[in-house]
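>>> build me a model from this:
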Amino acid sequence: MFYIVGLGNPGEQYQDTPHNIGWMILDLLQKKHNIDFDDFSFDRMRKADISQGVIGECGVTLIKPQTFMNESGKSLKDINDIDIDKVIVVYDDIDLPFGVVKIARNRGSGGHNGIKSIEEVLNGRNFIRIRIGVCPTDWFGNPRKPKGNNAVQNYLVKRKMSRKYTGQLADIADRSDTYIQRIIAEGYTSAVSKQK
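Reported below is the predicted structural model:
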């Protein structure tokens with residue numbers, strides 16, 4: 001069983017903000033594989049919306065924690081050390097240009113509170129990450145990280161994504177899905193070697 005966790009914040013004010021891109025990608029993955037997956041429903045024990053299904057021939061649980069970002073790990077409190085390498089976390093990364101998708105493992109949180117929470121609950125960093133770049137870019141695709149007091153925080157949680165960015169979500173979800181399928185079928189090392 002693989003556990004694919006998409007990070008986000010509950011509440012209408014956070015919908016369509018860059019910090020919720022993990023939820024958006026999981027919604028698109030569930031729709032893409034909808035024949036093989038249940039609808040999302042709230043699981044009280046996990047405090048998360050859950051959808052279960054199959055990718056390839058492997059059982060998969062999609063998890064969207066319904067706690068705030070800094071308590072995301074609570075949705076994984078029943079995962080033991082044996083299963084930590086079956087956890088794939090999809091989340092926003094302000095250090096990557098918008099739309100870039102990278103696979104990583106066993107790295108620091110980069111200041112991301114959702115990742116910090118998961119590290120604490122799982123007692124380690126050895127889970128797989130799908131980092132979705134959300135840093136705004138100029139017309140040439142160069143990253144332009146917000147500057148000034150609270151500028152990054154305000155961009156991540158207070159500004160809705162523009163059409164320029166929401167128009168890329170389907171492609172980001174497709175690339176994420178390709179990586180996830182490779183991880184499940186071939187393993188992390190093979191998936192990393194084939195990422196663009």
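>>> for the protein, which strand is longest?
In the chain, with assignment by DSSP state E, the single longest strand is strand 87-97.
>>> remind me what that strand packs against, helices and strands.
For strand 87-97, the packing partners by 3 or more C-beta pairs under 8 Å, 6 or more residues apart in numbering; DSSP states H and E come out as strand 2-6, helix 21-32, helix 113-122, strand 128-135, helix 151-158, helix 169-186. For every residue, glycine as well, the C-beta is placed using N, CA and C.
>>> buried ones in the third one?
The neighbour-count criterion (16 or more other C-beta atoms under 10 Å) identifies G114, I115, K116, S117, I118, E119, V121, L122 as the buried residues of helix 113-122.
>>> pull out the buried positions in stretch 29-43.
L29, Q30, H33, F37, F40.
>>> list the contacts of D171.
D171 makes contacts with G99, as judged by C-beta atoms under 8 Å, 6 or more residues apart in numbering.
>>> ok, it to G99 distance?
7 Å (C-beta to C-beta, to the nearest Å).
>>> try G124
On the measure of C-beta to C-beta, G124 and G99 end up 29 Å apart.
>>> got it, and S162?
Using C-beta to C-beta, one gets 13 Å for the distance from S162 to G99.
>>> dig out what T61 forms beta bridges with.
Y3, Q52 (DSSP bridges).
>>> what's the neighbour count on it?
T61 has 19 neighbours, counted by other C-beta atoms under 10 Å.
>>> list the contacts of it.
M1, F2, Y3, I4, I50, S51, Q52.
>>> buried subset of those?
By neighbour count, with 16+ other C-beta under 10 Å, those hold F2, Y3, I4, I50, S51, Q52 as buried.
>>> contacts for the lowest-mean-pLDDT helix or strand in the chain?
When the helices and strands of the chain are compared on mean pLDDT, DSSP states H and E, helix 188-194 comes out lowest with a mean of 90. The contact list for helix 188-194 (C-beta under 8 Å, 6+ apart) reads D85, I103, R105, I128, Y179, R182, I183.
>>> any buried residues in it, and which?
Y188, A191, V192.
>>> out of the contacts of T61, the closest to D92 would be?
Closest approach to D92 among those (C-beta to C-beta): I4, at 15.4 Å.
>>> correct me, but the closest one touches D27?
No: counting by C-beta atoms under 8 Å, I4 stays clear of D27, with 12.0 Å between them.
>>> sorry, back to before: so for G124 and G99, which sits in the more crowded spot?
G99 (19 against 12).
>>> now the more buried one: closest residue in space that isn't a chain neighbour?
Q168 (4.8 Å; C-beta to C-beta, 6 or more residues apart in numbering).
>>> mind pulling up the pLDDT for that neighbour?
Note for Q168: predicted pLDDT of 95.
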